[in-house]
Structure formats: C-alpha cells, structure tokens
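[1] Got a predicted structure here, sequence first:
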Amino acid sequence: MAITVEVEENNNVDQGHVIRSWIHRMSRSLDFIYNFQPTEELSVTEALSGNPKLKVCDPYGVLYEPPLKNKIQSIEGPSSVGDLEKMCGVLDVQLKTGEELTGSWRHGAREGNGALYGPRLEQIGIHHISGHYVDGILSGSGKVHMLNSTVREGCFQNGYLHGPVRGAHLNSELDYVGWYKAG
C-alpha cells in the first residue's frame, strides 16, 4: 500500500508525520481507491468464508435463477409482468426476506446503476449499498451508505466489498480509512 512505500522511503522523517500526511491526502482524494488494481481475483473460498450475515455484499444475481427466483415477493416497474428472463427497465424487486433490489434491469439482470436495501444490512449498520452492476453482479466502484449518515466508497468484486475503502461524513470530513476483505 502507498503508506508503506512512503514510510520506507522516509526513514529519517517522523513516521507519525508521514502517516498524518497520508491520511490527510486520503481525506481529500479517492485516488487510493480508484487507482487500486487487485493483484488477484476474489476467490469463491474467500467470499464464502466468515459469517454471511456480517458481509458487506449484494449476493443476488439474476431474477430467473435460484436463490433469487425463489425469494421474489413482488416486482414493480414498467415491465413487471411476464417472463423473468425478459424483465427490462427500471424495476423495484421486493423479496420475501424484506430486502429490496432497485435499478436498471436487462434480460432479468441488473445492468448499470442499482442498489440493495434490507434488514440484513441494517443489522450491521448499513442503510443501503449502491454501485454499478454487470450481468447482475455488483462490480467495480460502489458506495456503502451507513445508518449514521456516513458513506464508504470502495471496490466490489463478485458482489463483495473488497479492497481499500474510504468513509466520509456528508460534509466530506474523513470518517474511515480501511480495507475490506471479501465483504
């Protein structure tokens, strides 16, 4: 990570000053998130390890495949009637679990901007997760909107928050700098 390199290069400098300077830069910039290049893809083993109730993730893919297909309570939107594989447009999908999937759908999968709301997230202090979906999977940069009104920004791999994360209050004041591993 960038701070390690800076500390090694500045052995004669007060390490606390280097860290404070790095944190100050991170509070003003999202470069360390958007310039992050994962060295390897998140593995299925990593993603499935740990308590699933505590994961920061969107585990849902396409409408017409289990387990999502079996959890659908209702679908609202312009094309909310018909074959799940053909659902297109901006839809709001309510699940029997109390979760809500929103966004643009194409051929039964979220494509583009979307979000996940629900009681599982609220139990871990999250209001909702939002980001970009590719073939129904949350991928790339996304946001975790916390119940305390802060927003954490980071990268999602296979639906899981994975990598560097920066959190800020609505006034842009730094709240959190950290690393998530498989949610």
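    Good, I have the coordinates. What you see is a predicted model, and the numbers here were worked out from it, not measured in a lab.
[2] In the protein, what residue spans correspond to helices?
    2-9, 15-28, 31-34, 44-48, 68-71, 119-122 (DSSP state H).
[3] to the chain's geometric centre, what's the distance from the last one?
    This points to helix 119-122. 14 Å (CA atoms, centre = their mean, to the nearest Å).
[4] Report all helices and strands that that helix contacts.
    strand 126-134 (3 or more CB pairs under 8 Å, 6 or more residues apart in numbering; DSSP states H and E). Any C-beta I mention is one placed from the backbone N, CA and C, and that applies to glycine too.
[5] For the strand it packs on, what is the distance to the chain centroid?
    5 Å.
[6] Need the contact partners of it.
    56-58, 103, 109-117, 121, 138-147, 156, 161 (CB atoms under 8 Å, 6 or more residues apart in numbering).
[7] and the nearest residue to G142 once chain neighbours are set aside, how many neighbours?
    Spatial nearest neighbour of G142, excluding adjacent residues (CB to CB, 6 or more residues apart in numbering): G131 at 2.6 Å. Neighbours of G131 under the rule other CB atoms under 10 Å: 25.
[8] and G131, what are its bridge partners?
    Beta-bridge partners recorded for G131 (DSSP bridges): G114, G142.
[9] how near is it to H145?
    11 Å (CB to CB, to the nearest Å).
[10] And for G77?
    22 Å.
[11] what's the answer for E173, then?
    Distance from E173 to H145, by CB to CB: 16 Å.
[12] Excluding covalently adjacent residues, which one is nearest to E76?
    D92 (4.6 Å).
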